[in-house]
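> No letters, just coordinates:
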Ligand SMILES: [Zn+2]
């Protein structure tokens, strides 16, 4: 996101050079699609109390309060891969769930999640359609 192509203002300080390969961009849309929310629900220890079609409800896995274990404030649509908690008022997609659970920034938590599931992270700068990642450089 560092100033690209504007060229109008002259910055007094030169931008810090990026360390190559340190922060590649994750293709978050593809990352979301690559993961079934059921897999993340299993990792966070969610046990649904009710299931109505694609809509599952149960105790919020983000809250460590044992009293919360009885309620059904946490609602997931397993088909759409979205969730919401009516108690702690958090919600989002499958990647947000792991980020909220691990309390890590979305970038780090997404990489962590893919590693746990044994799936290659879909990087944004890198053709995805049918290309196999060239292994062996690291
Ligand atoms: Zn909650």
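That came in fine, so what should we check first? A quick note: this is a predicted structure, and the numbers were derived from the prediction, not measured. Residues are numbered from 1 along each chain as shown.
> Now residue 76. Its backbone dihedrals?
When read as degrees, to the nearest 10, the backbone of residue 76 gives phi -130, psi 140.
> In contact with it, which residues?
37, 41, 46, 48, 55-57, 82-83 (C-beta atoms under 8 Å, 6 or more residues apart in numbering). C-betas here are computed from N, CA, C, even on glycine.
> so which of those would you say is closest to the ion?
Taking C-beta to the ion as the measure, the ion lies nearest residue 83 of these, at 9.5 Å.
> can you give me the strands in the chain?
50-52, 55-58, 74-77, 82-85, 91-93 (DSSP state E).
> could I get the contacts of residue 76 as CSV with pLDDT and neighbour count?
Formatted as CSV, the contacts of residue 76 follow (pLDDT from 0 to 100; neighbours: other C-beta atoms under 10 Å):
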residue, pLDDT, neighbour count
37, 98, 23
41, 97, 21
46, 94, 21
48, 94, 17
55, 97, 14
56, 97, 22
57, 96, 16
82, 98, 17
83, 98, 26
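> among the residues you listed, which two are most distant?
48 and 82 (14.9 Å; C-beta to C-beta).
> Just give the number of residues close to the residue nearest to residue 43 when sequence neighbours are not counted.
Counting by C-beta to C-beta, 6 or more residues apart in numbering, residue 43 lies nearest to residue 116, which is 6.7 Å off, once chain neighbours are set aside. Under the neighbour criterion other C-beta atoms under 10 Å, residue 116 is assigned a count of 12.
> Surely residue 116 is in contact with residue 40?
No - counting by C-beta atoms under 8 Å, residue 116 stays clear of residue 40, with 9.4 Å between them.
> Quick check: the residue nearest to residue 43 vs residue 39, distance?
9 Å (C-beta to C-beta, to the nearest Å).
> now do residue 71
Taking C-beta to C-beta, one finds residue 71 at 24 Å from residue 39.
> what about those two, which has more around it?
Comparing residue 71 with residue 39 by neighbour count (other C-beta under 10 Å), the higher total belongs to residue 71, at 17 against 14.
> dump the residue contacts of the more buried one.
59-60, 87.
> can you list the residues of the protein near the ion?
60, 62-63, 85, 87-88 (C-beta under 5 Å from the ion).
> Select from the residues you listed the one having the most neighbours.
residue 60 (24 neighbours).
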